[in-house]
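> Sequence and predicted model, in that order:
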Amino acid sequence: MAEVLITFKIMPAEADANIDSIEDAIKKIKAAKLNKIEKEPIAFGLVALKPSFIANDEGGAADKIEKELKEIAGVGSAEVIEVTRLL
């Protein structure tokens, strides 16, 4: 079965949310293998996290990861921004 790289954009619930604790929680996601996490400055000290995961190309993989991401304390929103099939 092929694999896909799924990238998310995670916005904190508040501007002063602890990004490091959110990042640590992302590293513990069990639905897929973490590839990397990038930080994207937005404005006025607000930082979005852009984690990417490698998962099997099966239906619902992105939904499982998104569900776990949204359960992390301090996460305001999590959305898929890119899905790429790996060779």
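That came through, no problem.
> Helices along this structure, start to end?
Applying DSSP state H to the chain gives helices spanning 19-26, 61-70.
> can you list the residues that contact stretch 19-30?
Counting by C-beta atoms under 8 Å, 6 or more residues apart in numbering, the neighbours of stretch 19-30 from elsewhere in the structure are 10, 12, 34, 37, 39, 47, 49, 51, 53, 65, 68-69, 72-75. Bear in mind the C-beta positions are built from the backbone N, C-alpha and C, glycine included.
> at 7 Å instead, please
Surrounding stretch 19-30, the residues in contact under the criterion C-beta atoms under 7 Å, 6 or more residues apart in numbering are 12, 34, 37, 47, 49, 51, 65, 68, 69, 72, 74, 75.
> on that earlier part again, so for residue 2, which of the helices of the chain sits nearest?
Comparing the helices of the chain by their distance to residue 2 (C-beta to C-beta), the top pick is helix 61-70, with 11.3 Å.
> tell me which strands and helices that closest one is in contact with?
Packing partners of helix 61-70 (3 or more C-beta pairs under 7 Å, 6 or more residues apart in numbering; DSSP states H and E): strand 3-12, strand 46-56, strand 75-86.
> rerun that using 6 Å as the cut-off
The elements that helix 61-70 packs onto, with contact taken as 3 or more C-beta pairs under 6 Å, 6 or more residues apart in numbering; DSSP states H and E, are strand 75-86.
> would CSV of the helices of the chain with mean neighbour count be doable?
Putting the helices of the chain into CSV (neighbours: other C-beta atoms under 10 Å) gives the following:
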stretch, mean neighbour count
helix 19-26, 15
helix 61-70, 17
